[in-house]
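*Asks:* need the 3D shape of this:
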Amino acid sequence: MRYVETLWFFGALYFYTSLSFFFNSPFTLILALIIAVLAIAYLKIIEEKELELRFGRAYLAYKKSTPFLIPDITRAFRRRKA
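*Replies:* Next up, the predicted model:
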């Protein structure tokens, strides 16, 4: 069970946003957000379509059960109770 579909992207976005706050740099924050918007557009427009073609129904089921960007932390607690 995965908590987020694009774990690497979530981690990178968190890291670079944190750096901008650490160094108190508005430029770095703006740059991180611009890169994030471009990366999300690429992932949604190009990569998802290719994965749908390559893996078919299996990917569609995976995509339906896994959040795209924001982790669903409640899944960890629901799994433990079951």
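
*Asks:* can we go C-alpha only for contacts and neighbour counts from here?
*Replies:* Noted.

*Asks:* low pLDDT regions in the protein?
*Replies:* Scanning the chain for pLDDT under 70 picks out 1-4, 75-76, 79-82.

*Asks:* quick one, helices of it?
*Replies:* Counting by DSSP state H, the chain forms helices over residues 7-22, 26-42, 48-55, 57-65, 74-81, given from the N-terminal end onward.

*Asks:* in JSON lines, list these along with mean neighbour count.
*Replies:* Below are the helices of the chain laid out as JSON lines (neighbours: other Cα atoms under 10 Å):
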{"stretch": "helix 7-22", "mean neighbour count": "14"}
{"stretch": "helix 26-42", "mean neighbour count": "14"}
{"stretch": "helix 48-55", "mean neighbour count": "12"}
{"stretch": "helix 57-65", "mean neighbour count": "12"}
{"stretch": "helix 74-81", "mean neighbour count": "9"}
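
*Asks:* would you quantify the distance from Thr74 to Ile46?
*Replies:* To Ile46, Thr74 is 30 Å away according to Cα to Cα, to the nearest Å.

*Asks:* and the residue nearest to Phe10 when sequence neighbours are not counted, how many neighbours?
*Replies:* Nearest non-adjacent residue to Phe10, counting by Cα to Cα, 6 or more residues apart in numbering: Leu69, 6.3 Å away. If you count neighbours by other Cα atoms under 10 Å, Leu69 ends up with 16.

*Asks:* quick one, phi/psi of Phe23?
*Replies:* In terms of degrees, to the nearest 10, the main-chain angles of Phe23 are phi -90, psi 0.

*Asks:* from here on, count from 5
*Replies:* Understood, numbering begins at 5; the last thing we discussed is Phe27.

*Asks:* what distance do you get for it to Thr10?
*Replies:* Between Phe27 and Thr10 the computed distance is 26 Å (Cα to Cα).

*Asks:* now Ile44
*Replies:* To Thr10, Ile44 is 10 Å away according to Cα to Cα.
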